[in-house]
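[1] Pasting the sequence and the predicted coordinates here, then a few questions.
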Amino acid sequence: MDRTTELLSSYACNLNYDDLPPGVVHQVKRTVADTLGCAIGGYLSEPAKIARRLAGGVSSDTPARILGAGESSSLDMAGFANGVMVRYLDCNDSYFSPGGGHPSDMIPAALAVADSVGADGRSLITSIVLAYEVFCRIADRVPENQWDQGIFSVIGAACAAGKLMGLDEEQMGHAISLAAVPNVPLRVTRMGELSMWKGCAAAAATRAGIFAAQLAAEGMTGPFEPFRGRSGLEEQAIGYPVEIDAMGGDGEPFRIVDTIFKFYPSQIHTQAPIDLAIQLNERVRVEDIAAIKIQSYKSAVSSASTEPEKWDPQTRETADHSIPFLTAVGLRDGAVTPATFSPERIAEPGLRTIINKMQIEENAEFTARYPSEYNCRIEVIKRNSQTEVAATSFPKGHGKNPLSDADVDAKFRRLACPTITGQQCEQALELIWSLENLPNLEGIFDSLVV
């Protein structure tokens with residue numbers, strides 16, 4: 001095996017719950033609460049219904065439960081269905097580095113295998129920390145937009161699944177290879193007018209990661225040098241070695257503590273513009289607006305600058321990636337919620353009137369400060385030539401303006417309670433916050449049945 005595969009497989013097999021500081025365990029519980037709230041919030045979506053129909057038609061000798069549904073499927077299809085629910089609202093966590101992405105997309109892999117093998121809460125926590133380490137350490141070494149984030153998810157999901165299955169180092173190495181080599185995703189998933197697949201691509205990586213671990217557990221071997229080998233990931237995808245120098249533990253911080261939670265159900269780069277637009281809603285009447293000038297960093301403005309679809313979104317998936325659309329909603333409605341993205345709301349002519357008054361441009365100083373700061377500035381020019389300005393470096397959810405535990409609970413209730421009862425929400429949260437003491441996950445799954 002190549003060095004990267006050996007490092008990852010050794011780390012995966014040797015990481016233990018006792019290696020995790022209390023702050024890391026606490027962050028895992030926050031993340032599980034955030035992720036499951038997003039999942040139940042996405043339960044009634046059309047992509048989730050499609051995924052559940054497919055998963056519900058599959059039976060297995062090693063079943064895993066489907067969140068919210070009260071039924072089971074095969075390990076990989078349960079992971080896929082649950083992953084689609086987690087991702088649909090685009091409200092689960094984010095990790096910023098050159099590669100970046102949404103590492104909680106991998107949690108459905110850990111949940112599926114942990115449920116199937118009857119793992120306890122501490123085993124689940126350890127597998128989630130492992131998945132985050134793998135995802136984030138690889139993402140740290142890859143240039144921005146070089147690979148779609150599914151390549152990080154599939155490897156991390158395979159490691160989490162393999163950890164819970166009890167794979168040894170040799171088997172884990174093959175699981176990593178069998179995850180990475182067949183599953184390099186294209187970034188066209190996130191370009192132009194976005195389809196349902198935008199919210200399903202990471203779930204597909206989860207499914208593939210579980211399947212890779214299952215294959216390795218049965219003795220299947222994969223290419224021995226998936227990263228460094230001839231025509232491997234490094235040669236085919238980026239052209240230089242992916243050097244991972246350290247992993248969490250023994251004084252090295254764990255990457256899961258560097259993730260952030262979103263406050264609004266939309267792409268991470270839209271969080272600051274939404275925050276500012278909602279602030280301006282209290283100071284500006286939309287009928288008085290003559291022009292709107294938005295400045296932000298390159299990664300935020302690039303899609304709005306280069307993709308006309310973001311100025312006239314036709315799908316929910318495009319709308320939740322559209323700074324123009326979401327700024328218009330914030331200015332007019334003073335809120336952005338899952339209800340913002342109904343087909344009727346997306347198509348409203350009144351929002352297009354506001355959008356047509358906007359200009360978006362990159363601020364080079366903001367770009368230089370990203371990703372330590374998510375700077376955005378909105379200037380609204382009124383018909384009487386007066387201006388209103390709002391600016392931020394740290395929108396709600398940023399590491400320097402994080403969601404508190406109470407905020408995480410409130411977000412869970414806000415997303416889940418339209419689908420499950422308030423009593424169920426409280427029961428689920430109580431179990432999640434005591435995750436390290438649970439003998440299995442049955443109570444959590446039971447509490448979330450719709």
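    That came through fine. Numbering: from 1, shown residues only.
[2] From G334, how far out is N384?
    22 Å (C-beta to C-beta, to the nearest Å). All C-beta atoms are positioned from the backbone trio N, CA, C, and that covers glycine.
[3] element containing the residue of the chain positioned farthest from its centre?
    Within the chain, the residue lying farthest from the chain centre (C-alpha atoms, centre = their mean) is N384, at 42.8 Å. Secondary-structure assignment from DSSP states H and E places N384 in no helical or strand segment.
[4] Quick check, pLDDT for the closest residue to it other than its chain neighbours.
    The spatially closest residue to N384, leaving aside those adjacent along the chain, is D288, at 7.5 Å (C-beta to C-beta, 6 or more residues apart in numbering). Note for D288: predicted pLDDT of 97.
[5] Can you verify my assumption that D288 contacts K382?
    Yes. D288 sits in contact with K382 when judged by C-beta atoms under 8 Å, with a separation of 4.9 Å.
[6] wait, is A304 part of a helix?
    Yes. Membership of A304 in a helix is supported by DSSP: H, G, I helix; E, B strand; the rest coil.
[7] got a list of what it touches?
    Under the criterion of C-beta atoms under 8 Å, 6 or more residues apart in numbering, the contact partners of A304 comprise 310-311, 322-324, 360.
[8] With R332 as the reference, measure out to it.
    Computed with C-beta to C-beta, the distance linking A304 and R332 is 18 Å.
[9] now stretch 325-336: mean pLDDT?
    On average, the pLDDT along stretch 325-336 is 97.
[10] er, stretch 189-198 actually
    Averaged across stretch 189-198, pLDDT comes to 92.
[11] repeat for stretch 175-186
    In this model, stretch 175-186 has an average pLDDT of 94.
[12] if we can go back for a sec, from V389, how far off is the residue nearest to N384?
    From D288 over to V389 the distance is 15 Å, taken as C-beta to C-beta.
[13] do I360 as well
    In terms of C-beta to C-beta, I360 sits 16 Å off from V389.
[14] Those two: which has the busier surroundings?
    I360 (22 against 13; other C-beta atoms under 10 Å).
[15] Kindly state the pLDDT recorded for the more buried one?
    Reading off the model, I360 has pLDDT 97.
[16] And what about it, helix, strand or coil?
    Under three-state DSSP, I360 falls in the strand class.
[17] Checking E379 next. Helix, strand or coil?
    Secondary structure of E379, reduced to three states by three-state DSSP: strand.
[18] now it, which residues is it bridged with?
    For E379, the beta-bridge partners under DSSP bridges are K293, V389.
[19] Just give the number of residues close to it.
    Residues contacting E379 under the criterion other C-beta under 10 Å number 17.
[20] Just the pLDDT at it, thanks.
    Among the per-residue scores, E379 shows a pLDDT of 98.
[21] residue contacts, it?
    For E379, the contacting residues are 292-294, 387-389, taking C-beta under 8 Å, 6+ apart as the criterion.
[22] if you set the cut-off to 6 Å instead, what comes out?
    The contact partners of E379, by C-beta atoms under 6 Å, 6 or more residues apart in numbering, come to 293, 387, 389.
[23] okay if I get these as CSV plus distance to R87 and pLDDT?
    Shown next, in CSV, are those (distance: C-beta to C-beta, whole Å; pLDDT from 0 to 100):
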residue, distance to R87, pLDDT
K293, 32, 98
T387, 38, 97
V389, 35, 98
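[24] Tell me the one among those residues nearest to K29.
    The shortest distance between K29 and any of the contacts of E379, using C-beta to C-beta, involves V389 and amounts to 39.0 Å.
[25] Let's see the pLDDT reported for G37.
    Confidence per residue is given as pLDDT, and for G37 that number is 98.
[26] the helices in the stretch 51-200 of the chain, which residues?
    Listed in chain order, the helices of the stretch 51-200 of the chain (DSSP state H, counting those that start in this stretch) span residues 75-88, 107-117, 121-140, 150-165, 169-180.
[27] Show the buried residues in the contacts of A304.
    Neighbour counting by 16 or more other C-beta atoms under 10 Å classes 310-311, 322-324, 360 among the contacts of A304 as buried.
[28] Can I get stretch 283-298 in PDB? Just the C-alpha atoms.
    Taking C-alpha atoms only, stretch 283-298 is exported to PDB below (Å, rounded to 0.1, in the frame of the first residue of the first chain):
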ATOM      1  CA  ARG A 283     -34.500  49.600   7.900                       C
ATOM      2  CA  VAL A 284     -35.600  49.500   4.300                       C
ATOM      3  CA  ARG A 285     -38.900  49.100   2.500                       C
ATOM      4  CA  VAL A 286     -38.400  47.200  -0.800                       C
ATOM      5  CA  GLU A 287     -40.500  49.700  -2.700                       C
ATOM      6  CA  ASP A 288     -38.000  52.400  -1.700                       C
ATOM      7  CA  ILE A 289     -35.000  50.500  -3.100                       C
ATOM      8  CA  ALA A 290     -33.200  52.000  -6.200                       C
ATOM      9  CA  ALA A 291     -30.100  49.800  -6.200                       C
ATOM     10  CA  ILE A 292     -28.300  47.200  -4.200                       C
ATOM     11  CA  LYS A 293     -24.500  46.700  -4.100                       C
ATOM     12  CA  ILE A 294     -23.100  43.500  -2.600                       C
ATOM     13  CA  GLN A 295     -19.400  42.900  -2.000                       C
ATOM     14  CA  SER A 296     -17.900  39.600  -0.800                       C
ATOM     15  CA  TYR A 297     -14.900  37.300  -1.200                       C
ATOM     16  CA  LYS A 298     -14.200  35.400  -4.500                       C
END
